[in-house]
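> Okay, predicted coordinates and the sequence, questions at the end:
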Amino acid sequence: MRTRIVELFRKTDQYASREVTVCGWVRTNRSQAQFGFLNINDGSFFESLQVVYEQALDNFDDISKIRVGASVQVTGTLVLTPDMPQPFEVKATSVKLLGDCPENYPIQPKRHTREFLRTVAHLRPRTNLFSAVFRVRSVAAMAIHKYFQDRGYVYVHTPLITGADCEGSDQMFKITTFNFNDLPLDDEGKVDFSKDLFGKQSFITGSGQLQGETFAMAFGDIYTFGPTFRTENSNTQTHANEFWMIEPEMAFCDLEGLMDVEEEMLKYAVSYVLEHCPEEITFCDKFVSKGLKDKLDAIVNSKFVRITHHDVIDILKAADVKWEFAPDYGEDIAKEHERYITEHFGGPVFVTDWPKDIKAYYMKLNPDGKTVAAVDLLVPQAGELMGGSQREEDLDKLLSRMDEMGVDKEGIDWYLDTRRYGGCIHSGFGMGFERLIMYLTGVENIRDVIPFPRTPRSCDF
């Protein structure tokens, strides 16, 4: 029976001096005259297994010629090696080649650039870096689900196909079943979407928030966690056209309560990854971002500062810094401002009460009539990690804001029912999952934390 390599590392004493059979892919093969070493990994654990094979084996010559990337089955005895860098090794009694690999295999035992590895995204999980990144991604996803599930939140699968533009930003992908070479037109010469599959123009979702709010009005606390899509033509290191979002919505929760949840959830997710991915975090700390573990430990043990947007601008204006973008009370804050504020306070910062003119229509209007009950969470080095708000529960005020911002009410009249029928104070936030993985691993480019990134001019694999 095959034993996964992770079991050998987690239960070494149990397997010591016993015969085991493992299967995996060869990372290195160092053959000498009378013996050799295979380094194999089966994907179950970050570390690889060292296998010793000796000349006494019938197929010794064949084993010594096995190339990097080949898959093998190894049977042998697990031997403890307390005086060696590795805690144990397997002394092979049998090595069987399962799948050969040619000499032009792209992932050789040398340092490859991340740019090159993006061109072989289907193979890059076999490298140490991407083994660490995607294992952290898996564990972090579990942490998010566990946090919300343990607290009674309902996981809602909001639709990927929608007729509602949450942000009103016109950054959603349009979908159709029409033949572009034979489009049906109406009397005005425009495309007649009434003849399309859904009877109207439809989109791929940019957010599950609106649908999520309707479920919060029934279940109290819900969260969504799934892919979202934006047409933004941006080639920065932090933007992608397909990414995953975590969007909780909570009834009977104001802005202060929202920030409590954001802080608790982030600390929980970071702690969970530190506990369940020690080898991966150690690797990233050593080879990707020096001081990563200290940064993550600091997040877990810090108290997040809460400050208004107005007061942040006061601090920025008073700073003895020559800004590339001058801070202004009615404007968003730039990356350089985010970095300064987190360094100023020495940790994560909640920036609240933003100018209404730069925020979405559904955010709660504050009594001053100039700001909304919105919040962005800024974290050291990464900047904005989460964005949320208390939602406007007053129907008349919401309608007024929609008119003010030119939002089409006809397509989302169902959403307004959440205010008509038993509306209440409620709040929610969104966190880009890839932004979290970048923060957890220290990897700077979003293309390197998504298995198959979708960015402008890039839709491979």
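Good, I have the coordinates. Numbering: from 1, shown residues only.

> and the residue lying farthest from the centre of the chain, helix, strand or coil?
Using CA atoms, centre = their mean, the residue of the chain lying farthest from its centre is Ala56. It sits 49.0 Å away. Secondary structure of Ala56, reduced to three states by DSSP: H, G, I helix; E, B strand; the rest coil: coil.

> Give me the number of neighbouring residues for Glu263.
Other residues near Glu263 come to 19 when the count uses other CB atoms under 10 Å. Where C-beta positions appear, they are placed from N, C-alpha and C, glycine not excepted.

> Make sure it is indeed in a helix.
Yes. Secondary structure of Glu263 (three-state DSSP): part of a helix.

> Please verify my assumption that it contacts Arg306.
No. Using CB atoms under 8 Å, Glu263 is not in contact with Arg306, being 9.5 Å away.

> Mind listing the shared neighbours of those two?
Phe350 (CB atoms under 8 Å, 6 or more residues apart in numbering).

> which residues touch the nearest residue to Lys200 once chain neighbours are set aside?
Distances taken as CB to CB, 6 or more residues apart in numbering put Phe193 closest to Lys200, at 5.3 Å, once the chain neighbours are dropped. Residues in contact with Phe193 (CB under 8 Å, 6+ apart) are 176, 199-201.

> before we move on, back to that, could I get the pLDDT score of the residue farthest from the centre of the chain?
What the model reports as pLDDT for Ala56 is 95.

> measure it to Ile63 for me?
From Ala56 across to Ile63, the span is 12 Å (CB to CB, to the nearest Å).

> do Asp170 as well
Using CB to CB, Asp170 is found at 60 Å from Ile63.

> Name the residue in these two with the higher neighbour count.
Ile63 (23 against 10).

> Would you double-check that the more buried one falls in a strand?
No. Using three-state DSSP, the assignment for Ile63 is helix, not a strand.

> who touches the nearest residue to it once chain neighbours are set aside in this structure?
Excluding the flanking residues, the one nearest Ile63 by CB to CB, 6+ apart is Val95, at 4.8 Å. Listed by CB under 8 Å, 6+ apart, the contact partners of Val95 are 38, 51, 53, 57, 59, 63, 66, 72-74.

> Span of stretch 365-384 from start to end?
When the termini of stretch 365-384 are compared using CA to CA, to the nearest Å, they are 22 Å apart.

> follow-up on the earlier one: report the buried members of the contacts of Val95.
Buried by 16 or more other CB atoms under 10 Å: 38, 51, 53, 57, 63, 66, 72, 74, out of the contacts of Val95.

> In a markdown table, list those along with secondary structure.
Formatted as a markdown table, the buried ones among the contacts of Val95 follow (three-state DSSP):
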| residue | secondary structure |
| --- | --- |
| Leu38 | strand |
| Val51 | strand |
| Tyr53 | strand |
| Leu57 | coil |
| Ile63 | helix |
| Ile66 | coil |
| Val72 | strand |
| Val74 | strand |
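
> Tell me how far the residue farthest from the centre of the chain lies from Phe180.
For Ala56 relative to Phe180 (CB to CB), the value is 67 Å.

> which residues of the stretch 251-400 of the chain fall in helices?
With helices called from DSSP state H, counting those that start in this stretch, the stretch 251-400 of the chain shows them at 255-276, 278-287, 292-301, 309-318, 335-345, 395-405.

> Just tell me which of those helices ends up closest to Val154.
Of all these, it is helix 255-276 that lies closest to Val154, at 14.9 Å by CB to CB.

> Show me which residues of that closest one are buried.
Neighbour counts using 16+ other CB under 10 Å place 255, 258-259, 261-263, 265-274, 276 of helix 255-276 among the buried residues.

> ok, back up a step: which among the contacts of Val95 gets closest to Asp83?
Using CB to CB, Val51 comes nearest to Asp83 of the contacts of Val95, at 18.5 Å.

> Tell me the spacing between the closest residue to the closest one other than its chain neighbours and Arg27.
Leaving aside its sequence neighbours, Val51 sits nearest to Leu38 (CB to CB, 6+ apart; 4.1 Å). To Arg27, Leu38 is 8 Å away according to CB to CB.

> Could I have the CA atoms of the helix or strand that contains Asp417 written out in PDB?
Element membership of Asp417, judged by DSSP states H and E, is helix 413-420. Output in PDB follows, covering the C-alpha atoms of helix 413-420 (Å, rounded to 0.1, in the frame of the first residue of the first chain):
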ATOM      1  CA  ASP A 413     -35.500  46.500  -7.900                       C
ATOM      2  CA  TRP A 414     -35.300  43.100  -6.100                       C
ATOM      3  CA  TYR A 415     -32.400  44.400  -4.200                       C
ATOM      4  CA  LEU A 416     -34.400  47.400  -2.900                       C
ATOM      5  CA  ASP A 417     -36.900  44.900  -1.400                       C
ATOM      6  CA  THR A 418     -34.200  44.200   1.300                       C
ATOM      7  CA  ARG A 419     -35.100  47.800   2.500                       C
ATOM      8  CA  ARG A 420     -38.800  47.600   1.900                       C
END
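
> what's it in contact with?
164, 210, 213-214, 217, 392-395, 398-399, 409.

> mind running it again at 10 Å?
Taking contacts as CB atoms under 10 Å, 6 or more residues apart in numbering, the residues outside helix 413-420 that touch it are 163-164, 166, 209-211, 213-218, 251, 362, 391-399, 402, 409, 423-424, 426.

> Can you pull out the low-pLDDT segments for this protein?
Applying pLDDT under 70 to the chain flags the ranges 165-169.

> repeat that for 80
Applying pLDDT under 80 to the chain flags residues 164-170.
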